[in-house]
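K.L.:
sequence first, then the predicted structure:
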Amino acid sequence: APRALVLWHGYGWRIDDLAQMRKQLKRRFGDPTRSNPNLLWASFGPIDHEYRTTHSRLHPDNVAALGSPYSDLLLPSSAFQRAFTRSAAARHYAVDVAGRKTALFALTWHHGSAFGRFGDDEPLFDRLFDALERRSCNAIMRMHDRHRFAKELLAALERVAKRHPNVQLKFKNECPDAVVDLSVSDVMVSNYSSILNHFYFLGRPTIHLDPAGEGGDYTYCVWKRGKVRVKKGAAAEEVWKIPPQDIGGIRVESFDALLSALDRALDEPDCCRELASSFVARHYTSPDGATCARALEAMRRRWTLS
């Protein structure tokens, strides 16, 4: 193709470095840091637009704050959500998503371990899934790409999933489409994966695991030259582009607080609705069910398409 509309995979809180992507875009479509008629980058909203034109160094002519196309599928008023039933999706799951509540765990690889300062991952997962089973609640563990996790953590996740019949383990590189996992879930738990932003559109409870360590520093992993690179003791300004307090749900700083937040989310399904709505209003352009149409119109205007 001679032209490109670039859709970033998720909004998210963490700093992302586009140095390699800028080089790739330049080779294929021309310099993205100069006004370039071949490129259109779809930012999520005005804050993201500012970030892309300053930190990411994309020329303002090449960036349009169009919103989240994914929101067209996730808004409760959307045709997809109105037609969707958990019973129709149930045969695709090893856990009972039609008859029981479901908690979706979308844990990023960016901080090395799953629970970080909360404690050792494997025994905490056992405690967590036992607590959910007492609530007759499933757990779908929707992890990022398998190759981004340490072998020790992968082995622990697989052992835990085998021990708990209410748990299903999935990886993004093997199951890339998340829309059904999002739609069958009553609550999402994550250590700040950008998929939380998508769940906000549903208005359901979200729980954010604080990944900071002692003194407020971080273990921070990045993907560079085909490998995960780990930096211990990273400062907050090296990690966040959006403050971790700016969220659309509950933030927890201990394992016991996580268990309490899960109880609240299962008992009060509307407990985060206003917080989620407020985040979406601040950060996204017009989540009105017409974002895909808006993106198409932006392409037509930019490239005089019929």
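P.N.:
Yep, that arrived.
K.L.:
all helices for the chain, in order.
P.N.:
When secondary structure is read from DSSP state H, the chain shows helices at 19-29, 46-54, 71-74, 79-83, 86-89, 121-134, 151-163, 179-184, 195-200, 255-267, 273-283, 291-303.
K.L.:
list the buried residues in the fifth one.
P.N.:
Think helix 86-89. Within helix 86-89, the residues that qualify as buried are residue 86, counting by 16 or more other Cβ atoms under 10 Å. (C-beta placed from N, C-alpha, C; glycine too.)
K.L.:
how about the last one?
P.N.:
Along helix 291-303, the positions that meet the burial threshold by neighbour count (16+ other Cβ under 10 Å) are 291, 292, 294, 295, 298, 299, 302.
K.L.:
would you turn those into CSV with pLDDT and distance to residue 172?
P.N.:
Formatted as CSV, the entries for those read as follows, by pLDDT from 0 to 100; distance: Cβ to Cβ, whole Å:
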residue, pLDDT, distance to residue 172
291, 98, 23
292, 97, 22
294, 96, 27
295, 96, 23
298, 95, 28
299, 95, 27
302, 93, 31
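K.L.:
take those and lay them out in a markdown table including distance to residue 253.
P.N.:
Output for the buried residues of helix 291-303, formatted as a markdown table (distance: Cβ to Cβ, whole Å):
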| residue | distance to residue 253 |
| --- | --- |
| 291 | 34 |
| 292 | 38 |
| 294 | 38 |
| 295 | 38 |
| 298 | 41 |
| 299 | 44 |
| 302 | 45 |
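K.L.:
how far away is residue 242 from residue 37?
P.N.:
When Cβ to Cβ, to the nearest Å is applied, the distance between residue 242 and residue 37 equals 31 Å.
K.L.:
of those two, who's got more company?
P.N.:
Neighbour count, other Cβ atoms under 10 Å: between residue 242 and residue 37, residue 242 has more, with 19 against 13.
K.L.:
where does pLDDT dip in the chain?
P.N.:
When residues are selected by pLDDT under 70, those of the chain lie in 109-113, 213-223, 228, 230-231, 233, 306.
K.L.:
can you pull up the most central residue in it?
P.N.:
Relative to the mean C-alpha position of the chain, the nearest C-alpha, by Cα atoms, centre = their mean, is the one of residue 195, at 1.5 Å.
K.L.:
how close does the nearest residue to residue 209 once chain neighbours are set aside get to residue 91?
P.N.:
The shortest distance from residue 209 to any non-neighbouring residue, by Cβ to Cβ, 6 or more residues apart in numbering, is to residue 191 (4.2 Å). Between residue 191 and residue 91 the distance, using Cβ to Cβ, works out to 31 Å.
K.L.:
can you get me a residue count around residue 146?
P.N.:
Residue 146: 14 surrounding residues under other Cβ under 10 Å.
K.L.:
which residue is the nearest non-sequential neighbour of it?
P.N.:
Counting by Cβ to Cβ, 6+ apart, residue 146 lies nearest to residue 171, which is 4.3 Å off, once chain neighbours are set aside.
K.L.:
what sits against that neighbour?
P.N.:
Taking Cβ atoms under 8 Å, 6 or more residues apart in numbering as the criterion, residue 171 is in contact with 143, 144, 145, 146.
K.L.:
just to revisit the earlier point, so which of the helices of the chain is the most packed in?
P.N.:
Using mean count of other Cβ atoms under 10 Å, the stretch among the helices of the chain with the greatest mean number of neighbours is helix 195-200 (a mean of 25).
K.L.:
next up, the contacts around the closest residue to residue 135 other than its chain neighbours.
P.N.:
Closest residue to residue 135 in three dimensions, ignoring its sequence neighbours and counting by Cβ to Cβ, 6+ apart: residue 266, at 5.9 Å. Contacts were defined as Cβ under 8 Å, 6+ apart; by that measure residue 266 touches 101, 103, 135, 137, 186, 187.
K.L.:
could you single out the nearest of those to residue 128?
P.N.:
Top of the list for closeness to residue 128, among the contacts of residue 266 and by Cβ to Cβ, is residue 103 at 9.0 Å.
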